[in-house]
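S.K.: Here is my input; please provide its structure:
(chains A, B and C)
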Amino acid sequence: MVETVLFWIFGAVALGSAFGVVMGGTLPGKGGSPVASLLFMVSTLASVAGIYVLLEAHFLAAIQVMVYAGAIMVLFLFVIMLLNLGHEYQRDMKGWMASLMLFLVSGALGGILAYRFAGPGGGAELDFLAEANTAAMDAALAEQGAVGVIAEPLYTTYVVPFELTGILLLVAIVGALALAKRRVA
Amino acid sequence: MLSMGIFSLPLAQEAAEAAAHAEAAGHFEPFLPGLIVLLPLLGFLVNGVLALVHGRRSADAVRRGEELDLDTGGRPSTHTLPTWVGPGVLLGSFLLVVANFLRMRGVELHEAVVVNYWTWMDTGAFRVEAALQLDQLSMIMMLVVTGVGFLIHVFSVGYMKDDPGYPRYFAYLNLFVFFMLVLVTGASFPVMFVGWEGVGLCSYLLIGFWFGDREKSDAGKKAFIVNRIGDFGFLIALFLIFVQMGTLDFVEVMGRAPDELVYGGALVTAVTLFLLLGAAGKSAQIPLYVWLPDAMAGPTPVSALIHAATMVTAGVYMVARSSVLFALSPVGSVTVAGIGVATALFAATIALAQYDIKKVLAYSTVSQLGYMFLGVGVGAYAAGVFHLMTHAFFKALLFLGSGAVIHSMHHALHHTHSHDDPQDMRNMGGLKKFMPLTAFTMWVATLAIAGIWPFAGFFSKDEIIWYAGAAATGPFASFYTVFWVLALAAAMLTAFYMTRMMVMTFHGSNRTGDEEAKHLHEAPLTMTVPLSVLAFLSVFGGWINVPEAIRNSFLGGFGALPMSEWLHDWLDPVTHTATAIREEALVAGGFLDGEHHYHGYLEHAPFGGGELTWALASTLAALVVVLVAVSVVRRWQIEPAAKAGEPQSGLKKVLYNKWYVDELYDLIIVRPVLRTSRFLWRIVDSVIIDGLVNLSGGLAKFAGFVVSLFQTGSVNTYAFILTVGVLLILWTVGF
Amino acid sequence: MLTQALVLSALLFALGTFGVLVRRNAIIMFLCIELQLNAVNLALVVFSRVAGIDGQVFVFFVMTVAAAEAAVGLAIIISIFRHYETVNVNSFNLLKW
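M.R.: Alright, predicted model coming up:
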């Protein structure tokens, strides 16, 4: 019961904040800074992390907060401040006609997805998504703990992709440095 | 369908003999068979390199403004080596062949010896070995090719000595001999085909040897293209054989054909007819004979070697080699014989009215090849090969003799800067006085080709005619009767046109002009020696295969000759299967009772009379024709070519123009092909095909332009299109 | 709750898409892409709840890639800003040949 209430709260916050991300810094009289969007994004990420907890993905929830809401968003913030954005002479949003059309397009996308998930013949009516099926995961969690349950496949079945992501991060670091470094004429 | 039983009937007695032979028979060990073939190739390589060096040197000399003075003995050093290498490798090959021949004579060889070298191709079911086949037939062919080839090489040394292309000439000639040896020794149809195409190539190269002359290079092309038609037939036949039997090795095909192919069946008939098309192309038979007279554009020794003695007999050899297949198809056989006799008669009529000495000999060759086809067509394979051999002797002699005449005429006309044709017999006359040895040897050959006893041609040609008449017992009897009569008629024509040629060339008054006559001279030693050797062979070459009936009569010295039907017996291991098949068919058809052997049904000609009677009659008739021709032609008033021009009317004009066959082909084949080609080029290719290609290109370009409009370079557009795409995918997958 | 979470993920994804399409500021477009990634992650976590742990492992990898992407993407934005003095995507349309 408590979980359901929490889910609705987190879900509402996540959706609202996501809307804020999209519209941030463009509301009348609020200036043009992208920082607003960024802060809304942090809020969204935190809400999603909450939902992760409700879905018994404790480890991912922690990482979501630390890596995403923490590290990556701070990186964005640094860049925004570094570039001193928010004083654009061009309008950030497209015109209302275009916006409406794009809203319809993306709305259709979300509608189709939601319909596939929840509509007739969709997820809600599938045995697959029945609450009872969560028992196996609950048992695994009880046995191995929140970290152990994800660490085990990560270091056995997925050890090669895991190492490869390490290389990917290294390459990304080098690449980012090479790209962002000021060229000395 | 015939079964293996066919062998039991005629060979019942031979089977016992074979068992006896098996004990006495030693083992035939071929002596360096590969080297026989490789020596001429080596010669080609040496002479070919020299030709390149020589060509470079001459080009340099021309650039420097110098002239290679060949007339005064100032021959370049690159001419020395070919003189020795060219004939030398042939002599080497010839000696090796003789050594092998003696070895083979020493043993009783009943099956071909196949020498495998390497696997040429191995593609699943199709496997071809690069292998040589040594048996009695290929041995005879090798003897002829290398022996006559060697003499012609020696002759060429004298004939071509002043030609700037001397090393190139010998390179081609050696290459030709190499391919010819591959042709006659190849152990399977594909290997034979390599030689077949190779000699075709060399023929083309040598016909167009003086390629600076448009007419001559055109003659080369004509030979090449006409031969392609025949090769097409040959290849189709190979495919058919392979599809049916799964192999192309001679031993396998000939061994299994009697069991696996239906006698007189559609397949074997198709195979033989297609093989015949190939043979007709190579051996210049109707309807593909037109290239051979034009091939006289090449140097005369080439005409002697390739277009008389060896290459053009490849078709005869091929039919003899495939004798089993032809024996299985009565239709195929009668077609071969019919084509042969038609060609023999047709070419002989054309030869009557030609003035060019080489043209006469060319049509004579076509005619004699027709006789060989008649021989192998009526089942007298040994007789066909026999005539092939004697013909190689006397026709090579005739060509070389004409070469000596042309050589002499050319020099004489050259000295006075006359532009008369040195090959036109109307410009000759009375040359006997200047070239006695040439005249004598050529008369020997003429008597041989005319079939006068006891020259070589008498025995071989007579045997073919005799067998043609005797074949009138079996199926298609009436056809064979007609063939026999026509063959006799063609023999008379042969005697006439050959005598006409001899008399016009060597007798009567001299028509070269007085100044020119001073420069006429006998040929040098390198040319007269081969002539003499060939003359010797033209006289005695026929004595190896004298029919029993003749040998025991006064015509054979009452049995004095040591070798009675030697060649016939020698070739028996190769031909006995085919002979047995024919005989079985005759017995099955009720034409022959089972008691008789093959010779049994040769006891009577269509109109009665034995072999001796008809031989005597034909040689007497030929003799009469020769004598009449001598007296008639001597009385003709012949005017030099420049004055006389071409015959203007009557049969003579038609014959001079070769029955207008070239014009007919031009009308019904060449021009329609040209017109169709032009249509295909101008309309189909230029407009339709090019148009389609351009259209597809244009469409791609246009589509590219349209699509490029979407490529704005703006991230927004791309993201939008991407989203729409995802939407579409979800829509189609979801619903 | 699982179905509702999936619908939530669909809506978040749609909002992210809308943001990418409608904004011109490269950094905010980038943020919206992160939003889309999060929506997908959420769906994966929901699935992993009933289908085993693999979904969570995948989310882990997605986060790693997102981090790398953020680093490189932001570096590119810095580089572009140096050149054009703006991050408005209308100002550069070099993404064609």
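S.K.: and A:W96, how many neighbours does it have?
M.R.: Here the number of neighbours of A:W96 (other C-beta atoms under 10 Å in any protein chain shown) works out to 9. In this view, the C-beta of every residue, glycine as well, is placed from N, C-alpha and C.
S.K.: again, but for the one 3 residues further on
M.R.: Neighbouring residues of A:S99 were enumerated by other C-beta under 10 Å; the total is 15.
S.K.: try B:K701
M.R.: Neighbour count for B:K701, taken as other C-beta under 10 Å: 10.
S.K.: where does the most centrally placed residue in chain B fall, helix, sheet strand or coil?
M.R.: Among the residues of chain B, the one closest to the centroid is B:V312, at 0.8 Å (C-alpha atoms, centre = their mean). For B:V312, the reduced secondary structure class is helix; criterion used: DSSP: H, G, I helix; E, B strand; the rest coil.
S.K.: which residues sit in contact with the spatially closest residue to it that is not a sequence neighbour?
M.R.: In space, and not counting its chain neighbours, B:V312 is closest to B:S283: 5.1 Å by C-beta to C-beta, 6 or more residues apart in numbering or on different chains. Going by C-beta atoms under 8 Å, 6 or more residues apart in numbering or on different chains, B:S283 touches B:312-316, B:369, B:372-373.
S.K.: mind giving me JSON lines with those residues and columns for pLDDT and distance to C:S48?
M.R.: Putting the contacts of B:S283 into JSON lines (pLDDT from 0 to 100; distance: C-beta to C-beta, whole Å) gives the following:
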{"residue": "B:V312", "pLDDT": "91", "distance to C:S48": "88"}
{"residue": "B:T313", "pLDDT": "91", "distance to C:S48": "89"}
{"residue": "B:A314", "pLDDT": "93", "distance to C:S48": "83"}
{"residue": "B:G315", "pLDDT": "93", "distance to C:S48": "84"}
{"residue": "B:V316", "pLDDT": "93", "distance to C:S48": "88"}
{"residue": "B:L369", "pLDDT": "94", "distance to C:S48": "91"}
{"residue": "B:M372", "pLDDT": "94", "distance to C:S48": "92"}
{"residue": "B:F373", "pLDDT": "94", "distance to C:S48": "90"}
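S.K.: Let me know the closest of the residues you listed to chain A.
M.R.: When the contacts of B:S283 are compared for distance to chain A (C-beta to the nearest C-beta), B:A314 wins out at 69.9 Å.
S.K.: quick revisit: need the max-distance pair from the contacts of B:S283.
M.R.: B:A314 and B:F373 (12.2 Å; C-beta to C-beta).
S.K.: what about the closest residue to chain B within chain A, how many residues close to it?
M.R.: Shortest chain A-to-chain B distance, computed as C-beta to the nearest C-beta: residue-wise this is A:I112, at 4.9 Å. Burial of A:I112 is recorded as 20 neighbouring residues (other C-beta under 10 Å).
S.K.: Now it. Nearest residue, chain neighbours left out?
M.R.: Across the structure, with C-beta to C-beta, 6+ apart as the measure, the residue nearest A:I112 apart from its sequence neighbours is B:L730 (4.9 Å).
S.K.: what about dumping the CA coordinates of the strand or helix carrying B:T717 to CSV?
M.R.: In this assignment (DSSP states H and E), B:T717 forms part of helix B:715-734. What follows is helix B:715-734, C-alpha atoms only, in CSV (Å, rounded to 0.1, in the frame of the first residue of the first chain):
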residue,chain,number,x,y,z
VAL,B,715,20.4,17.9,-36.5
ASN,B,716,16.7,18.8,-36.0
THR,B,717,15.7,17.4,-39.3
TYR,B,718,17.6,14.2,-38.9
ALA,B,719,16.1,13.7,-35.4
PHE,B,720,12.6,14.3,-36.7
ILE,B,721,13.0,11.9,-39.6
LEU,B,722,14.5,9.4,-37.2
THR,B,723,11.5,9.7,-34.9
VAL,B,724,9.0,9.4,-37.7
GLY,B,725,10.9,6.2,-38.8
VAL,B,726,10.6,4.8,-35.3
LEU,B,727,7.0,5.6,-35.3
LEU,B,728,6.4,3.9,-38.6
ILE,B,729,8.2,0.8,-37.4
LEU,B,730,6.3,0.7,-34.2
TRP,B,731,3.1,1.2,-36.1
THR,B,732,3.7,-1.6,-38.6
VAL,B,733,5.1,-4.0,-36.0
GLY,B,734,2.5,-3.2,-33.4
